[in-house]
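J.: sequence first, then the predicted structure, then my questions.
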Amino acid sequence: MNRIVEVSSLSVRYPGSEIPAVSDVSYYVEASECLAIVGESGSGKSTTALATMKLLDPSAEMIAAEVRVGEHDILKAKGSELLSIRRDFIGTVFQDPSSNWNPSRKIGTQLLQPFPKKDRSELRSLLIENMEQVGIDRAKDRLSLYPYNLSGGMLQRAMIAGALLGDPRLLIADEPTSALDVTVQADLLRLLSQLQRGKALSMIIISHNLAVVTQVSNRVLVMFAGTIVESGKTSEVLSNPRHPYTKNLIASIPGMEKKRKTPLHTSPDAKITLAGCRYASRCAFAQDLCANVKPELRSYRGSQVACHFAEQIESEVVNVP
Amino acid sequence: MSTLLEVRNVSKSFNLKDGNVKACSNVNLKIHRGEILGLVGESGSGKTTMSNLILGLETPDEGEIFFKDQELSEIITKDQKLFRRGVQGVFQQPLLALDSLRTIQWSMTEPLVVHDIGNSASRKVKVRELLGLVGLDETYLQRYPNQLSGGQLQRVNIARALALSPELLICDEAVSALDVSVQAQIINLFLEIKSSLGVALLFISHDLEVVRHLSDRIVVMYAGSFVEESKTDDLVENPLHPYSRALLSASSIHDSTEADNWDMSTFRREDLPLVGCKFAPRCRYAEDSCRENEPETRSFGADRQSACFKTEVLFLKGNQ
Amino acid sequence: MKLNALVSAKRKWPYVLLCLLIIVVMFPGFFATHDPFALDVVNRLKPPTSEHLFGTDEGGRDIYSRVIYGARVTIGSSLFIVALAASIGTLIGAAAGWFGGRLDWYLMRAVDVFLAFPYFVLAMALAASIGRNMSSSILALILVWWPGYARMVRGQVLSIKNELYIRVSKTIGTSSRQMLFWHVIPHTKGAIITRSTLDIGYVIIVITGLSFLGLGAQNPSPEWGLLIANAKTYVLFAWWYSFFPGLVLVFVVSLFVVIGNKLSNENLG
């Protein structure tokens, strides 16, 4: 199968930070598949995805062996080539509709703004079509509305319509539902899923909530402190998590446990160390090896796990303190 | 069980640019000592207005609110500080709830200073105690809000809210802005506070899963009106109102086969009907009678109420 | 590395000069070469020499030393005016913004009246009616300048009022007075300081202007505006007399404007 995105050995550091935001991460996205990247704030999930178009803070240092999107070598791309990749090849939907719009410009104007003036009138009718496709009725009228006239859910839909304008092959949705009510979330995710399958788009969806992405993604990467701790088919990872962090993550989501048990309490402020496994200081199963040697991602029973003791944890041989 | 707080037939409207908006109409609810009452609704359901009303930040246009059998407006005029010691709040944005120019210690000492509790030395002790209650140590005291994470900030906010030893804590979307893993910690913290301190909670959220995890009873609101009240397990097993049903199916996680395609995305104030049941335009069970008359709240057993004409027909007989 | 140090040094030079200026204002004796009031009629209107850096005036007094001592009068009084205007304006603006209603309405109408006049015209009118001396000018300028602060602070307070931490303080039971002084006014400090710094430059221009017109400082004060006014008579044959005080005046005002601009950029960015 064709891989739309290929990233090898990506590392990103922000100045002044001891722990790199992303450490030696490699991943890929097949054509027409949806990959979810899941993790807490600070896990590096957004950075990992946005590196595909070098959309990082200018102070960030990014190194990688390869970052390929479609036919484009992102590491080498600059200037207008990079702009055109960001606008045409990749469509992006960001979190928090209330802060990603200019409150003093009309919606239509903002969505068309990245495109050259000569194309705008043609794109306008395409935009209306897109907006109707994403479920915004009376799209033509809404183009001349301001962001404050629309609800969060509507604004996100409008952003999706805008993201599709360049006829992208890859859609990146960074926490698209986090600022919305759960009822609106479900709907928006359904929409993303439909779009992705209908247009055979590849998609990367980023979220802190594993439950949210299960409805839309084929595969999932679970990240912690800049590293991938587990990856595999979404259904598999969800029903049979192998890494202690993934297990905790699932158990802490209210509703994932059907019985009314208290969620697992993770140690909140244990300091993350550079040496060894990043999760060691929070892990209930940590052994000496974990503090010294960084586990590599390896295949284990259908998923990829970065843990020295996945087998033992499974069979509960390791002593739990 | 004594009633700590009672909201009786409360309505509140606001004058906005595009006309008069009735944020709450005829809402009734009771909170008992030491219990957690969940209040669920989407944005625009009136839950935030409810929280402002109960905290005494707004006054109702109609109806009354009673705290420990005394009417709110009376208490506030007679002895505002006494009321403040009884009811406190924790809000949605952990960072914005703190003055960015003040250290954590200053912010946590503020309630004690305002209410003239103790002296400089005893306040320092109390603040440390409070931090301990929420699982933070004294290194946090000299830090500023922008140096803490969302979860840590919310703990500080909770600690500060507990400084006056309130009997009721209003949690207005207190975990909605946090990551799921952090949410779990704060939810656990609330449960601990309830069991060890006996504080009652009004937990307001749009996320039914979270509310369900915490609450003893749940009240559901839609477009400013009361829709259903049930014990948590009852609501989850057999919701009495179509809206509650819709919420459940939207929140339900393992649910990809469910054909409950409720139209939940385009909720606009302008689309609310002026007559009849407010939910009718989106309700799959709606009939003409629903569109003509507004349903009254009826009881269906202990702690079970619903405002829907078709409750018996659709739900109580085990109809799916 | 070296280039970086140079660039950041370049960025700091206004502040360094400001410090120097303040030292001059506080310790003029250290910098002056002569007694600014000492008459020496024999040596009147002499051009700049190594002994008299800026030359002498019509009384033989050393212009350089008069400029140095004049700094204390001009800049000192400007600082005083801005400090008082800012304090009064802040209190009034904060009260208006916070309490709203009738109080706000009356206070803002008063502000409107003052702001309807150009600064200089109003200053002249007030100074002339209060009295022709330095203290009256200072009073006049404080009256002219406070409304600007009131309006600015009121605007800030109106938006701060809606912040979540204010709502939280209300639920805690904090009184209005406590909230204003603990939470509201501290958040306006940035804007006040920026505006004050810019204002010092403008106030200097107006106060020297008033003195120039005869409304402010009176002889033999070495106030800069007065110096330049006196120099007017001799401008054709003693160019140095108006040139040096004028140059210093331009330089100092520019310095305050530059610093004010820097502060305002930092606050916005």
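T.: Received, thanks. Numbering: from 1, shown residues only, chains lettered A, B, ... in the order given.
J.: quick check, residue B:221 in a strand?
T.: Yes. Residue B:221 sits within a strand when classified using DSSP: H, G, I helix; E, B strand; the rest coil.
J.: quick one: residues contacting it.
T.: Neighbouring residues of residue B:221 by C-beta atoms under 8 Å, 6 or more residues apart in numbering or on different chains: B:27, B:39, B:40, B:41, B:45, B:46, B:47, B:50, B:227. In short, each C-beta sits where N, CA and C put it, glycine included.
J.: next: residue B:316.
T.: With C-beta under 8 Å, 6+ apart, residue B:316 has these contacts: B:240, B:300.
J.: spatially nearest residue to residue 112 (excluding sequence neighbours)?
T.: Picking chain A for this. With C-beta to C-beta, 6 or more residues apart in numbering or on different chains as the criterion, residue A:112 has its nearest non-adjacent residue at 4.9 Å, and that residue is residue A:120.
J.: was after chain B, sorry
T.: residue B:123 (4.8 Å).
J.: would you confirm that the one you found contacts residue B:115?
T.: No. Between residue B:123 and residue B:115 there is no contact under C-beta atoms under 8 Å: 10.7 Å.
J.: can you tell me the helix or strand for the residue nearest the centre of chain A?
T.: Central residue of chain A (C-alpha atoms, centre = their mean): residue A:206, 2.0 Å from the mean position. Using DSSP states H and E, the element containing residue A:206 is strand A:202-207.
J.: for the chain, which segments count as helices?
T.: Assuming you mean chain A. Counting by DSSP state H, one finds helices in chain A at the ranges A:45-50, A:79-84, A:107-112, A:117-133, A:139-142, A:152-163, A:182-198, A:210-214, A:234-239, A:244-251, A:288-292, A:310-314.
J.: wrong one, chain C
T.: C:2-26, C:28-31, C:63-99, C:101-115, C:119-130, C:134-160, C:164-172, C:176-179, C:189-212, C:224-232, C:239-268.
J.: what's the angle between the longest one and helix C:189-212?
T.: Okay, so that is helix C:63-99. Angle of helix C:63-99 versus helix C:189-212, following axes from the mean of the first three to the mean of the last three C-alpha atoms, to 10 degrees, is 130 degrees.
J.: could you give the angle of helix C:63-99 to helix C:239-268?
T.: Using the same axes, to 10 degrees: helix C:63-99 against helix C:239-268 is 30 degrees.
J.: let me see the contact set for residue C:154.
T.: C:93, C:94, C:96, C:97, C:104, C:108.
J.: gap between the third one and residue C:149?
T.: When C-beta to C-beta, to the nearest Å is applied, the distance between residue C:96 and residue C:149 equals 12 Å.
J.: with neighbour numbers in mind, choose between those two.
T.: residue C:149 (27 against 24; other C-beta atoms under 10 Å in any protein chain shown).
J.: tally of neighbours for the residue nearest to the more buried one when sequence neighbours are not counted?
T.: Take residue C:149 and drop its neighbours on the chain: the residue closest to it by C-beta to C-beta, 6+ apart is residue C:89, 2.6 Å away. By other C-beta under 10 Å, 24 other residues sit near residue C:89.
J.: how far away is the most centrally placed residue in chain C from chain A?
T.: The residue lying closest to the centre of chain C (C-alpha atoms, centre = their mean) is residue C:200, at 2.4 Å. Look at residue C:200 and chain A: by C-beta to the nearest C-beta, to the nearest Å, they are 34 Å apart.
J.: please look at that residue and residue C:80 and confirm they touch.
T.: No. Using C-beta under 8 Å, residue C:200 is not in contact with residue C:80, being 10.3 Å away.
J.: ok, now how distant is residue B:174 from residue B:161?
T.: 10 Å.
J.: shared neighbours, the two?
T.: residue B:90.
J.: tell me the pLDDT at the residue nearest to residue B:112?
T.: Note for residue B:123: predicted pLDDT of 93.
J.: can you list the residues of the stretch 101-250 of chain C near chain B?
T.: C:163-165, C:167-175, C:178, C:182-183, C:186-187 (C-beta under 8 Å from any C-beta of the partner chain).
J.: restricted to buried residues, select those in PyMOL.
T.: Applying 16 or more other C-beta atoms under 10 Å in any protein chain shown to these, the buried members can be selected in PyMOL as follows:
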select buried, chain C and resi 163+164+165+167+168+169+170+171+172+173+174+178+182+183+187
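J.: show me the contacts for the residue of chain C positioned farthest from its centre.
T.: In chain C, the residue that sits farthest from the middle, by C-alpha atoms, centre = their mean, is residue C:171; the gap is 41.3 Å. Shown in contact with residue C:171 (C-beta under 8 Å, 6+ apart): B:55, B:56, B:57, B:84, B:87, B:88, B:89.
J.: follow-up on the earlier one: can I get the strand holding residue A:206 in PDB, CA atoms only?
T.: Output of strand A:202-207 as PDB, limited to C-alpha atoms (Å, rounded to 0.1, in the frame of the first residue of the first chain):
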ATOM      1  CA  SER A 202      -5.800  10.200   4.700                       C
ATOM      2  CA  MET A 203      -6.200  11.600   8.200                       C
ATOM      3  CA  ILE A 204      -4.300  12.200  11.300                       C
ATOM      4  CA  ILE A 205      -6.500  13.000  14.300                       C
ATOM      5  CA  ILE A 206      -4.900  14.200  17.500                       C
ATOM      6  CA  SER A 207      -6.600  13.900  20.900                       C
END
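J.: where in chain A is pLDDT low?
T.: A:1, A:255-270, A:316-321 (pLDDT under 70).
J.: can we see that at 80?
T.: A:1, A:16-18, A:96-99, A:178-179, A:181-184, A:186, A:211-212, A:252-274, A:284, A:313-321 (pLDDT under 80).
J.: same question for chain C.
T.: If you take pLDDT under 80 as the line, chain C has these spans: C:1-12, C:266-269.
J.: OK, contacts around the residue of the stretch 101-250 of chain B at minimum distance from chain C?
T.: In the stretch 101-250 of chain B, the residue found nearest to chain C is residue B:111; the distance is 4.6 Å by C-beta to the nearest C-beta. Listed by C-beta under 8 Å, 6+ apart, the contact partners of residue B:111 are B:117, B:160, B:163, B:164, C:172, C:173.
J.: do residue B:183 as well
T.: A:252, A:254, B:175, B:210.
J.: of the residues you listed, which is the nearest to residue A:101?
T.: In terms of C-beta to C-beta, no member of the contacts of residue B:183 lies closer to residue A:101 than residue B:175, at 25.8 Å.
J.: need phi/psi at the closest one.
T.: phi -110, psi 0 (degrees, to the nearest 10).
J.: hmm, back to that, tabulate the helices of chain C (a markdown table), appending distance to residue A:190.
T.: Below are these laid out as a markdown table (distance: least, C-beta to C-beta, whole Å):
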| stretch | distance to residue A:190 |
| --- | --- |
| helix C:2-26 | 53 |
| helix C:28-31 | 77 |
| helix C:63-99 | 47 |
| helix C:101-115 | 50 |
| helix C:119-130 | 62 |
| helix C:134-160 | 39 |
| helix C:164-172 | 33 |
| helix C:176-179 | 46 |
| helix C:189-212 | 46 |
| helix C:224-232 | 74 |
| helix C:239-268 | 42 |
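J.: who wins for proximity to residue C:39 among the ones you listed?
T.: Closest of the helices of chain C to residue C:39 is helix C:63-99, at 11.8 Å (criterion: C-beta to C-beta).
J.: residue C:137: neighbour count?
T.: Residue C:137, neighbours per other C-beta under 10 Å, totals 29.
J.: neighbours of the spatially closest residue to it that is not a sequence neighbour, how many?
T.: Computed as C-beta to C-beta, 6+ apart, the closest residue to residue C:137 that is not its neighbour in sequence is residue C:216, at 3.9 Å. Residue C:216 has 31 neighbours, counted by other C-beta under 10 Å.
J.: stretch A:97-110 close to chain B?
T.: No. Counting by C-beta under 8 Å from any C-beta, chain B has no neighbours in stretch A:97-110; the shortest distance is 11.3 Å.
J.: alpha carbons of that stretch, as PDB, please.
T.: This file holds the C-alpha atoms of stretch A:97-110, laid out as PDB (Å, rounded to 0.1, in the frame of the first residue of the first chain):
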ATOM      1  CA  PRO A  97     -13.000  27.400  17.500                       C
ATOM      2  CA  SER A  98     -13.200  30.500  19.700                       C
ATOM      3  CA  SER A  99      -9.500  31.400  19.400                       C
ATOM      4  CA  ASN A 100      -8.700  30.300  15.800                       C
ATOM      5  CA  TRP A 101     -10.800  32.900  14.000                       C
ATOM      6  CA  ASN A 102     -10.300  36.600  13.600                       C
ATOM      7  CA  PRO A 103     -13.400  38.000  15.200                       C
ATOM      8  CA  SER A 104     -13.400  41.100  13.000                       C
ATOM      9  CA  ARG A 105     -13.400  39.400   9.600                       C
ATOM     10  CA  LYS A 106     -16.200  37.600   7.900                       C
ATOM     11  CA  ILE A 107     -16.000  33.800   7.800                       C
ATOM     12  CA  GLY A 108     -15.900  33.600   4.000                       C
ATOM     13  CA  THR A 109     -13.100  36.100   3.800                       C
ATOM     14  CA  GLN A 110     -11.000  34.300   6.300                       C
END
